[in-house]
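# what follows is a predicted structure for the sequence shown.
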Amino acid sequence: MYRRAGELHQINVMCEQSLLRLAAGGQTVRRITPGRPGSCCRRSSGTARCVPQASGRSVALPKRGIKLATNIQEKYYLPHIDYRRGSPHLSHPGLYDRLIEVLRGMIQELADQRMPLRVLDVGAGHGGFTELALAMGCEVTAVDMSRPSVDELRRRFGTNPKFHAVYDPDGTLRDMDDDYSLIMFVSVLHHIPDYMSCLKMACQRIASGGSLLTLQDPLLYSRHKTAHRVDQAAYLAWRLGQGNLSRGMKTRLRRIRGILDETDPGDMVEYHVIRDGVDEEEVLSFATMEFAEASLLTYWSNQLRLGQRLGDQLGLRDYFGIIAKGYGSGLA
Ligand SMILES: C[S@@+](CC[C@H](N)C(=O)[O-])C[C@H]1O[C@@H](n2cnc3c(N)ncnc32)[C@H](O)[C@@H]1O
């Protein structure tokens, strides 16, 4: 993975300025007023940009390809974080069951083909999807950039001899094997600035004939404007009920104004907010090139329970997954 010098692109990016501050003092970073030069990232035509520094130097957050900065995922996914909070795919049973069924079907198909059931779960979190793969008898390697999450994974599944957990702080997957029959990214691609490079590199670790499953990434906002607006409105209603209202409102206001606080992992960890979703067509076209068959699954996902029901009934779609089978027999 990312073997060539200078090719280390992962993954979770902060503006250079923030990095220096974090490196210098960790938590003692200066809280910056939104919009002040040199402080925040401002979105402009779909891509976040840092406001020029007071010195006249500006640091851009490119769409992808920036060099490794710091492990924002770990700064955000601290011990005791509840992954279900704000995660519709984990907290709404109906949605969870639908997505789990997709995974179940893929594992069953691999079993029917007598492929060795070796699964790599990238960004496993607390194992919301790891659990099913283990229950179906797979050997599962769960990898995550957050050490507290890896510790929790080991606590939950560590006695299972078919379970392995790997802490991968730079998200390069460098220590992984290269013969997995299934690689899955559930609710992970949208955290990665250069998700296409990461996907391409990850797929090189799939055995011939193996599968790729991605789930729970927001569709590109600009291609699905109405659904995105409905999603945002319902999200806001959900956020109002979550406590710490003033912080929540400040975050919303900053986001509405297209300003992101680069010192706040909460602003930077959900990278789709910066780049306005994940380009489902680009991911699908990559999968079509590399796999014998690839399909796009689109569905509705919203934090608010009522919002989930309404969106489902209206047939809205704001999230997607990619189901790809037969690695190595694509159009490429
Ligand atoms: C929203 S959580 C999803 C967790 C789990 N897959 C689920 O759906 O319950 C995203 C997780 O991905 C991890 N992560 C983000 N980028 C990663 C990368 N490049 N490699 C490994 N883990 C990553 C984060 O640390 C976090 O635990």
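Good, I have the coordinates. Numbers count the residues shown, from 1 in each chain.
# okay, CA-based contacts and neighbour counts for the rest of this
Fine.
# quick one: average confidence on stretch 322-332?
For stretch 322-332, mean pLDDT rounds to 94.
# now do the end-to-end distance for that stretch.
18 Å (C-alpha to C-alpha, to the nearest Å).
# identify all contacting residues around that stretch.
206-215, 283-284, 287-297 (C-alpha atoms under 8 Å, 6 or more residues apart in numbering).
# would you show me how to pick out the buried ones of the residues you listed in ChimeraX?
To isolate the buried members of the contacts of stretch 322-332 in ChimeraX, using 16 or more other C-alpha atoms under 10 Å:
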select :206,207,208,209,210,211,212,213,214,215,283,284,287,288,289,290,291,292,293,294,296,297
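# would you mind marking which of the contacts of stretch 322-332 are also close to the ligand?
Counting by C-alpha under 6 Å from any ligand atom, nothing from the contacts of stretch 322-332 sits close to the ligand.
# narrow the contacts of stretch 322-332 to those in strands?
206-215, 291-297 (DSSP state E).
# so what's Ser301 up against?
So Ser301 contacts 88-89, 95, 308, 311, 317-319 (C-alpha under 8 Å, 6+ apart).
# and Gly94, how many neighbours does it have?
Using other C-alpha atoms under 10 Å, Gly94 has 14 neighbouring residues.
# name the nearest residue to whichever residue of the stretch 201-332 of the chain sits closest to the ligand, sequence neighbours excluded.
Nearest to the ligand, among the residues of the stretch 201-332 of the chain, is Gln216, at 7.6 Å (C-alpha to the nearest ligand atom). Nearest residue to Gln216 in three dimensions, chain neighbours excluded: Ser187, at 4.6 Å (C-alpha to C-alpha, 6 or more residues apart in numbering).
# now the helices for the stretch 101-250 of the chain?
In the stretch 101-250 of the chain, helices defined by DSSP state H, counting those that start in this stretch lie at 130-135, 147-157, 195-203, 225-240, 245-256, listed in chain order.
# returning to that earlier point: how close does the residue of the stretch 201-332 of the chain closest to the ligand sit to Glu131?
Relative to Glu131, and taking C-alpha to C-alpha, Gln216 is found at 17 Å.
# enumerate the residues of the stretch 101-250 of the chain near the ligand.
122-125, 127-128, 143-146, 171, 186-188, 191-192.
# what residue ranges in the stretch 51-200 of the chain are flagged as low confidence?
51-69 (pLDDT under 70).
# the strands in this protein, which residues?
According to DSSP E, the strands that the chain contains are 40-44, 47-50, 118-122, 139-144, 163-167, 180-186, 206-218, 259-261, 291-299, 319-327.
# is it possible to get TSV of those strands that adds distance to Gln242?
Below are those laid out as TSV (distance: least, C-alpha to C-alpha, whole Å):
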stretch	distance to Gln242
strand 40-44	25
strand 47-50	27
strand 118-122	28
strand 139-144	27
strand 163-167	31
strand 180-186	24
strand 206-218	21
strand 259-261	21
strand 291-299	24
strand 319-327	22
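# retrieve the pLDDT associated with Ile274.
Looking at Ile274, the pLDDT reads 82.
# number of nearby residues for it?
Ile274: 27 neighbours (other C-alpha under 10 Å).
# likewise Leu331?
Neighbours of Leu331 using other C-alpha under 10 Å come to 13.
# quick check: phi and psi on it?
phi -80, psi -20 (degrees, to the nearest 10).
# for Asp279, same thing?
As for Asp279, its main-chain torsions (degrees, to the nearest 10) stand at phi -80, psi 100.
# tell me how far the nearest residue to it once chain neighbours are set aside lies from Gly86.
Leaving out its chain neighbours, the residue that sits closest to Asp279 by C-alpha to C-alpha, 6+ apart is Leu220, at 5.0 Å. From Leu220 across to Gly86, the span is 20 Å (C-alpha to C-alpha).
# what about the two, which has more around it?
Per other C-alpha under 10 Å, whichever of Leu220 and Gly86 has more neighbours is Leu220, with 20 against 16.
# OK, contacts around the more buried one?
276-280.
# cool, His126 as well?
Applying C-alpha under 8 Å, 6+ apart, the residues near His126 are 83, 149-150, 152-153.
# pull out the buried members of the residues you listed.
Buried among the contacts of His126 by 16+ other C-alpha under 10 Å: 149-150, 152-153.
# what's around the residue of the stretch 201-332 of the chain closest to the ligand, how many residues?
25.
# that one and Ile322, how far apart?
Taken as C-alpha to C-alpha, the span from Gln216 to Ile322 is 10 Å.
# now swap in Arg309 and tell me
23 Å.
# which one of the two is surrounded by more residues?
Ile322 (23 against 17).
# wait, doesn't Pro88 sit right on Gly94?
No: using C-alpha atoms under 8 Å, Pro88 is not in contact with Gly94; the gap is 9.7 Å.
# now, which of the contacts of His126 sits nearest Met136?
Taking C-alpha to C-alpha as the measure, Met136 sits nearest to Leu153 out of the contacts of His126, at 17.5 Å.
# tell me the pLDDT at Arg43?
41.
# likewise Gly241?
pLDDT at Gly241 comes out at 79.
# how many residues are close by it?
10.
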